[in-house]
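In: need coordinates for the following:
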Amino acid sequence: MKVVVDEEKCVAAGQCVAAAAKVFDQRDEDGVVVLLNANPPADLADDVRDAAAVCPALAILIEE
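Out: Alright, predicted model coming up:
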């Protein structure tokens, strides 16, 4: 699994962090998504898929 985020689309809702805090964070200054791990381990795959599904801006892309 490879994770890609589009910072331009991000609306800083924080849903990704709530779903997968080991993979996503937010910048302090504006709340935009920060990708902590572009290749998360298999045990985090479901959390990452959940994060992509709940992102209101569809700013998270998963490449299997």
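In: please, which helix or strand holds Val48?
Out: Assessed by DSSP states H and E, Val48 sits inside helix 45-54.
In: buried ones in that helix, by neighbour count?
Out: 45, 47-49, 51-52 (16 or more other CB atoms under 10 Å). Using the backbone N, CA and C atoms, a C-beta is placed for each residue, glycine as well.
In: which residue of the protein lies farthest from its centroid?
Out: Note on the chain: the largest C-alpha distance from the chain mean falls to Glu29, namely 17.5 Å (CA atoms, centre = their mean).
In: what ranges do the helices span in the chain?
Out: All helices of the chain, identified by DSSP state H, fall at 15-19, 45-54.
In: possible to save the ones you listed as CSV with distance to Val5 and mean pLDDT?
Out: Converted to CSV, those look like this (distance: least, CB to CB, whole Å; pLDDT from 0 to 100):
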stretch, distance to Val5, mean pLDDT
helix 15-19, 8, 98
helix 45-54, 10, 98
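In: so which of those helices is nearest Ile62?
Out: helix 45-54 (5.4 Å; CB to CB).
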